[in-house]
Structures are given as structure tokens and as C-alpha cells.
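In: I would like to see how this sequence folds:
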Amino acid sequence: MAESSISSFVEKLYALVSQQASLYGAVEGQVRLLRNELEWIRQFLECADAERRYDKMFKLWVNQIRDTAYDAEDAIDEFISKVERKRQQRFNSLKFLNLLPACVVLPDKLRLVNELNGRISETNITLEKILINKRRYGMEDLRAYEPGSSSGIATTSERYSNQMVARKEKRLPTVEETNVVGMKMMWKLVVVAIWDGWPWQNYSCQEKVYKCLQGSRYLIVLDDVWNTDVWRGLRSYFPAESNKSRVLITTRREDIAVDAHSDCYKLQLLGEKESWELFLNKVGSEAVLTWPGLEEFKKEIVAKCKGLPLAIVVLGGLLSLKDLTPDSWRKVLKSMDWHLSQGPDSCLGILALSYNDLPSYLKPCFLYCGVFPEDSEIKASKLIRLWVAEGFVQKRGKETLEDIAEDYLYELIQRSMIQLADTRVNGRVKSCRLHDQLRDLAISEAKEEKLFEVDENIDVDVLPTSVRRLIGNINQTNSPHLKNSNIRSLILNRSIDEGDEVCLHKFPKLLRVLHQDRGMYGLKLSGKIGELIHLKYLCLSGIEGTIRLPPSIGGLVNLQTLDSGNHIISIPHTIWKLKQMRHLNCRNGWISSRQSMREERVEGHLGVHQMTNLQTLYLRGGDWLKDNNLGKLAHHLKQLKLDLRYRPELKRGLSTSNAEVESTTILFPGLESFSHHKCLYKLHLVGTIRKLPVETTLYPPNLMQLKLLDTKMEEDPMPILGRLPNLRILTLLYNSYLGRRMNCPHGGFLRLEFLQMQLLENLEDLSVEEGAMPNLKTLKIEYCNKMRKFHMDYCS
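Out: Have a look, this model is predicted:
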């Protein structure tokens, strides 16, 4: 997986060379040299990664390459930090002159560039020595490899064929047959053909098999298929007879099953009863049923395996080889974790085959799922934003990184590496989870690859400088690692004892991710938080009490995600400086300060319109909504939640009478036409609307989800909302509608699939005319206590 780390760093080098060339001066040549060398190494590792697991020398070489790339990344990130710090210092010193510094002054620039040039030169020298050692100690020449060449590294098909053979030597053959027509010798030819090369390249073998099967009734089992090419190649071997002949395919990948154009049966985890029956079957002795205390054994075994047949079979097979005594079993069960995780035929060893089969871009994404606590349900949006912040998502055309990451998530689910936990009403993934055995695999591989360290698993002899991502909690054991200037991510998923003080500005200056979603009482946000200029992801949803961000938050120039959960958070106006912000998730946050006239002269006017990359905006309304600032975010904004209940002065300033409200051509105070927001698909509005605009052009053209709360609408909204062409999910919550009758007219809500009405205290009569809501799948009416009549002219 080292190539994934290198790939992310190579992309950073490309950006640095293209965007900051004038700043680097003499060091540009060294950076280009490093980039080119690492690009070669990345391509090499992508093809040769499977060797690392079996070759200690190759493993050492890969680790040295990765560590060298990390050193170079540290040098460049430290350089950027120092340059930005100097720029900020110069900016603050010139504020009173109403001047802006163009850049760092020349003496400072030269000193920093020379320092970087020296460190990158050392990196290139180290890299060359590592490559020399590779040749010196008998490993093939790196530069002998060229894409598509026959020398050096095998082609993809050759590597896949070799992996198939290696797998067959350790496990059951990939092709099994049930001998219905007495063709043992013919199937031996097929198996030999598969082992020796691709069977579909052997036309003679294909013709013989086809003729032998023709006119006969057959059952073929293709077990554990890993590649769509396997079925595509073998399909022509089997004649399409109308005699109930069947081909049965087993696979861990859903895309292979879909490619076969067959009925797909998804195996579920076993229940307690099925797990115990499988275990007893594998043990092969009924004598255990007479043991005293059998129920204790049963609970422990079933709980540990958690319905995973592979774990049950591995453990049952192990215990079947032991003495058939309770004491012998107890000894094994005490070290159950060790037995399930050691060796190629262990549970983890077998699961590792699925991990090794992942493409390089999915490996870090899968391993990263191990940062979440055991048995936890992982929110898909959170996971995707973390992947993006960590640099795991590779650019692909004009698609957003979040859309690409969502494709990664679907692919991992299809490959059965991640379990689907819950879906949204529109069918998209809402949450997922990781089976305990796969989480153990992820943590084990991540430790091996130096991707992250879990606090309780950190070895005493591990140097703090070698840990780049720390998962768990802040305590005396891992506190030395917090002083590690190279640490990039902190995932704090456990509570911190009250009274312990943790100062955010004391965290490593190269930190990219800080995620805290459990009770943290002592986190202090000082004015120096702005020094964490590399920070891309900041989650403070675990902080207890009101959060107050200091003005220096405007210094986090790379911040992409700010998430405060449901906590009340005070945000200074300097937040609008953060042009890289993609997700501002502060549903109970408000902008607590305004830009002074002097600041505006120095910095220019600051407003939400400057966040041109913003995709998600959850915030309380305020003066920042004036001048149709939201209208200037039409290109990227996808999700919007606004709450105006706490800012009545804005409403008074825009509309002072009921007559004005009735004649208004805006959807919401502070919001003008949404007609240009073509990406906006989810809208949640809280606060008084009274009456919806009749013109559907004022609404987002691709709006799919609409939620209204406390909007106090007096007229029936259904005739208007029913004309929104793409609306699929409609949620009307407390006090959103004050009327007594609601009617869904004929031809309305043609694409609506989900309708929820909750706490509409005055609603008495709901009617749905024939032809309305033809695609409705779910209807929820909750706590509408006065409702007496519900009429539908048809049943969907």
C-alpha cells in the first residue's frame, strides 16, 4: 500500500511546482527531480505490491522508500508553514498602514528556500542510495521496468494468473465440478489449462469441453471468483441447453455477480443458532454436548466470531485438532484473538486475500475505517470527508472529490469489505460498519504500513516521530506522540476526564485532521489556533458546552470541513476568509462579529460569497445573508440548512408588513431566486415563511429533498410543492403548516417517494387525489393529534 502514500505526495509535488514555482526559485529543480523519481517508484510499487508480503528484503526496501517520501513531505509542509507564518506576521505589522504584504520579504524568502533546497537535496541523495542498495543486494533494477514490457514486472494478467495458482496451492481450486456426466478427465484438462495460463486462450480445450457438455445436463461450480474476466472467458465453454443445466458462481464481489447477469443471493451473517451448529459440525464430535458449563463456551465462541462463517470454521478446525477436554479448549480460547490472526490459513490470513485484491486507491480507504471504535456505525458523509482531507481520493476529470469518494465506498461495499448499515430514503448509503475481524485486519495492516497507530497498541519502543496518525485518546502513554511535529491526524474517539486541559494550539503544526466526537471537557481554543495552517478537517462535535472560535480561525487557509454537530458555536466573521471550505456544518452556529470598516479597507469585503467551493452549509441566519450572497454560491452548493428563528432583525429589515410578505417574490427572507442553484438538492428551512412563492422558478431546479420546520405557513403548501419536478423526499415538521386541511391535487408530486408529517397540530383533513404521488413508497404521519380524515383516491 506504500504506493498510495507516495501517490498522494506526488500530487502535492505537482501542485507545488505549478502553483508556487516563483516562491521556490532554486529548489524547483530538486522538487521536480524528486517528483519524477517518486512517480517511477509509485508505478513500480503498484505492480509489485503483492511481493512485499512474502519477501523480507523487498519489504525493507519499500519501507525505506515510504519513510524517505514522508521526510520530503515533512520538509515541504514545514516550509509552507514557515512562509505562511512570516506572511501573517508581516500582514499584522502592516495592518495599521492599510497595506497588504505581497509576499515574504526577500531575506526571509532566501533563507527558507535555501533550507528547503538542502533538505530536498538530501532526500534525493538518500533515495538514490536506496535504489543502489536494491541492485547491490540482488533485487531487480527498478528502471528495467516499463509499462507493457516483458521484462521486470509481470503484466496484470500474468500477475493475476500467478496469484490464482498461489491461491490454489493453499486453498480449494477455483474451478470445481460436480460429475453428472462422467467427465473427470475432461475437467482435469480445464484445471490444467487454468493453472498453466488463461483457459479461454486454449481454443482446443474450449472446443472439447463444449462438445462434451452439449446435449448433457450439467452443474458447474465456479468457487471464489475474483475477476470479471474469469467468467467472461469461461462463459463460452458452456452450451446454453434448455435442460435445467446450471452454473453456480461464488464470489466476494457484487460487481462480478452483476456482470454474470444472474440472480444474486447475498449471504448474511449467521445468527447464534446457525453459528453454533456450524461450529459443532466443524468440530465433528457430539461429545462436547455433555460437558458441564457448555453454555459458557457457546456464548464466548459465538460472541467472538459474530456470525462470520470464516471465523467459525477457522476456530472449529483449530479446536478439532486439540484434546477433547474442557481444559484444553479453555487454553485455546484464552488466546483466541492470536489464533484467529496468525498465519496464512488463519481468519485474518484468509481475509487478507480480499485486501490484497483491492486496487491501490481503495487500500488506504479500507484501512482508515479501522480508526472508528469497534461495533460503531460509521456515518458515510463523515467517512467521505475524512478520506478527502487525508488525501486518499484521486482526482478524476471534473467530478468532485466527494462524488469520487462515494464511488470508493460503494466499491468497498460491493467487495464485501465494508458492511452496509443503513440507507437514506433515496437509496444512497447513510452509514456503514466494519466487521470486527476485518477491523482487526485493518488495524494490523495499518500498523504495518505506518498509516495509523491505535493508542492501546502502540509499542513502548516505537519512536514518537514514526507515528503519523494517532487514534484513541490523549493520555500519559501517548502524550509524547502529541509533541511529534510530524503527526498529521488525531482521531480522538474516547472521553477525556474532566479537569484534563488540552490546548488545541499545542497540537503539532503539521496537523491535517482533528476529529473529536466524544465528551471532551478540557479542550481550549486559544488565539493561536490559526497556526495550524495545514488543518483540513476540524470536528468539535464532542466538546461539552458552548464553543467559541477565536478570530484567528481565519488563518486556517486549507480548512475544508468544520463540524460542530448540534452544539452551539460562536463563529467570528473571519471564517469567510477560508476559501477552501467545502462543508460548514454548524447547524447551531451563528456569526458573532462583523467586519470593521478599517478591516474592510485592508482585507476587502468578507462574506459567504467568497467560499466558492462550499458544498454544505448548515448555519443560523444573520446579516451575512443580505445582498443575495447565497446566490453567488450557485456552482457548488449541494446542501443548505438555514435557521432564522434567532435573527428577527433580518426579517424586519426585509419585510415589515403582511402585505409585503404576501407580495414577496422570494422564498425566504434573505434569499432571492434559487433558479441558478442547479447543484442544490437538499434544502432545510427553519423559521417563518407564512406563504410559499407560486413561481416554481424560484426553487432549486434539481431539488430532491425539502424539510420545513416552524415555517408557520397559513396556506396549503401542497399544490405548489407538488409542481416541483424532482422532489422525492418531503418532510413537514412542527408548526410548518398551521392550516386544518391539506390536499394533494391530481398530477402532483410525480416523483415523490417519501412523505413525513409530524406535529402538525391543527391538521384535521388530508386528501390525496387520484394521479397524485404515483411513486410514493413511504408515508409517515406522526403526532398529528387532530387529524380525523385521511382520504386517498387510489392505493399506490
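In: Return the list of helices and strands in contact with the host helix or strand of Asp403.
Out: Using DSSP states H and E, the element containing Asp403 is helix 401-414. With contacts taken as 3 or more C-beta pairs under 8 Å, 6 or more residues apart in numbering; DSSP states H and E, helix 401-414 sits against helix 254-259, helix 363-368, helix 380-390, strand 429-433. Where you see a C-beta, it was placed from the backbone N, CA and C, and this is true even at glycine.
In: Now with 10 Å, please.
Out: Helix 401-414 is packed against helix 254-259, helix 363-368, helix 380-390, strand 419-423, strand 429-433, with contacts defined by 3 or more C-beta pairs under 10 Å, 6 or more residues apart in numbering; DSSP states H and E.
In: Quick one: these as JSON lines, columns for distance to Asp793 too.
Out: Shown next, in JSON lines, are those (distance: least, C-beta to C-beta, whole Å):
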{"stretch": "helix 254-259", "distance to Asp793": "39"}
{"stretch": "helix 363-368", "distance to Asp793": "49"}
{"stretch": "helix 380-390", "distance to Asp793": "38"}
{"stretch": "strand 419-423", "distance to Asp793": "30"}
{"stretch": "strand 429-433", "distance to Asp793": "33"}
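In: got these as TSV, with mean neighbour count, mean pLDDT and distance to Leu219 columns?
Out: Below are the helices and strands packed on helix 401-414 laid out as TSV (neighbours: other C-beta atoms under 10 Å; pLDDT from 0 to 100; distance: least, C-beta to C-beta, whole Å):
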stretch	mean neighbour count	mean pLDDT	distance to Leu219
helix 254-259	17	82	18
helix 363-368	24	94	35
helix 380-390	23	96	40
strand 419-423	14	92	31
strand 429-433	19	95	35
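In: Out of those, which gets nearest to His605?
Out: His605 sits nearest to helix 380-390 of all those, at 28.7 Å, using C-beta to C-beta.
In: tilt between that closest one and helix 401-414?
Out: 120 degrees (axes from the mean of the first three to the mean of the last three C-alpha atoms, to 10 degrees).
In: Could you identify the helix or strand that succeeds whichever strand or helix holds Leu755?
Out: Assessed by DSSP H and E, Leu755 sits inside strand 754-758. Later in the chain than strand 754-758, the nearest helix or strand by DSSP H and E is strand 765-768.
In: Adjacent strands (with direction) for that next one?
Out: Neighbouring strands of strand 765-768 in its sheet, by DSSP bridges, are strand 741-744 (parallel), strand 789-792 (parallel).
In: and among these, the most buried is which?
Out: strand 741-744 (a mean of 18; mean count of other C-beta atoms under 10 Å).
In: what's the spacing between the strand or helix carrying Trp61 and its chain's center?
Out: Trp61 belongs to helix 56-94 when assigned by DSSP H and E. Relative to the centre of its chain, helix 56-94 is centred 25 Å away, using C-alpha atoms, centre = their mean, to the nearest Å.
In: residues of that helix that come out buried?
Out: Across helix 56-94, burial judged by 16 or more other C-beta atoms under 10 Å covers 58, 61-62, 64-66, 68-88, 90.
In: just stretch 310-319 next, same as before
Out: 310-316, 318-319.
In: Kindly export it (C-alpha atoms) in CSV.
Out: What follows is stretch 310-319, C-alpha atoms only, in CSV (Å, rounded to 0.1, in the frame of the first residue of the first chain):
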residue,chain,number,x,y,z
LEU,A,310,-14.9,-17.9,8.1
ALA,A,311,-14.1,-17.2,11.8
ILE,A,312,-16.3,-20.1,13.0
VAL,A,313,-14.7,-22.5,10.6
VAL,A,314,-11.2,-21.5,11.5
LEU,A,315,-11.8,-21.7,15.2
GLY,A,316,-13.8,-25.0,14.9
GLY,A,317,-11.0,-26.5,12.8
LEU,A,318,-8.4,-25.5,15.3
LEU,A,319,-10.3,-26.9,18.3
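In: Report the distance from that stretch to the chain centre.
Out: Between the centre of stretch 310-319 and the centre of its chain there are 32 Å (C-alpha atoms, centre = their mean).
In: same question, stretch 317-326
Out: Put simply, stretch 317-326 sits 41 Å off its chain's centre (C-alpha atoms, centre = their mean).
In: Likewise for stretch 555-574?
Out: On C-alpha atoms, centre = their mean, the centre of stretch 555-574 falls 21 Å from that of its chain.
In: how far does it stretch from start to finish?
Out: Stretch 555-574 has an end-to-end distance of 8 Å (C-alpha to C-alpha, to the nearest Å).
In: For Lys363, see how far away the nearest residue to Glu254 once chain neighbours are set aside is.
Out: Excluding the flanking residues, the one nearest Glu254 by C-beta to C-beta, 6 or more residues apart in numbering is Gln414, at 3.8 Å. Gln414 is 16 Å from Lys363, where distance means C-beta to C-beta, to the nearest Å.
In: And for Met417?
Out: Distance from Met417 to Lys363, by C-beta to C-beta: 10 Å.
In: Need the residues touching each of the two.
Out: When contacts are counted by C-beta atoms under 10 Å, 6 or more residues apart in numbering, the set common to Met417 and Lys363 consists of Tyr355.
In: partners of the closest residue to Ser541 other than its chain neighbours in the sheet?
Out: Closest residue to Ser541 apart from its sequence neighbours, by C-beta to C-beta, 6+ apart: Gly565 at 2.9 Å. Applying DSSP bridges to Gly565 yields these beta-bridge partners: Cys586.
In: and Gly565, what is it in contact with?
Out: Gly565 neighbours (C-beta under 10 Å, 6+ apart): 517, 539-543, 547, 585-588.
In: Looking at those residues, which is nearest Leu733?
Out: Lowest distance from Leu733 to the contacts of Gly565 (C-beta to C-beta) belongs to Arg587, with 14.1 Å.
In: Counting neighbours, what do you get for that closest one?
Out: By the measure other C-beta atoms under 10 Å, the count of residues near Arg587 is 21.
In: same deal with Asp765?
Out: The tally of other residues near Asp765 (other C-beta under 10 Å) stands at 15.
In: what about Leu280, which helix or strand?
Out: Going by DSSP H and E, Leu280 is part of helix 272-283.
In: repeat for Leu490
Out: strand 489-492.
In: mind listing what that strand pairs with, with the direction of each?
Out: For strand 489-492, pairing defined by DSSP bridges yields strand 469-472 (parallel), strand 513-516 (parallel).
In: right, and those strands - which one's nearest Ile41?
Out: Ranking the strands paired with strand 489-492 by proximity to Ile41 (C-beta to C-beta) places strand 469-472 first, at 22.1 Å.
In: Please give the centre-to-centre distance between the closest one and its chain.
Out: How far strand 469-472 lies from its chain's middle: 17 Å, per C-alpha atoms, centre = their mean.
In: could you check the distance from the nearest residue in space to Arg35 that is not next to it in sequence over to Ile76?
Out: Leaving aside its chain neighbours, Arg35 sits nearest to Leu13 (4.0 Å; criterion: C-beta to C-beta, 6+ apart). Computed with C-beta to C-beta, the distance linking Leu13 and Ile76 is 8 Å.
In: Return every residue with contacts to both of these two.
Out: Common neighbours of Leu13 and Ile76 (C-beta under 10 Å, 6+ apart) are 31, 34, 120.
In: I'd guessed the first one sits against Glu73; true?
Out: No - contact between Val31 and Glu73 fails when scored by C-beta atoms under 10 Å: they sit 11.7 Å apart.
In: who touches both of these two?
Out: Overlap of the contact sets of Val31 and Glu73 (by C-beta under 10 Å, 6+ apart) consists of 13, 123.
In: buried ones in the helix holding Asp403?
Out: Buried positions in helix 401-414, judged by neighbour count with 16+ other C-beta under 10 Å: 401-402, 404-406, 408-414.
In: from those residues, which single one is nearest Lys447?
Out: Relative to Lys447, the closest of the buried residues of helix 401-414 is Leu412; by C-beta to C-beta it sits at 20.1 Å.
In: residue contacts, that closest one?
Out: 358, 362, 365-366, 369, 418-419, 432, 434.
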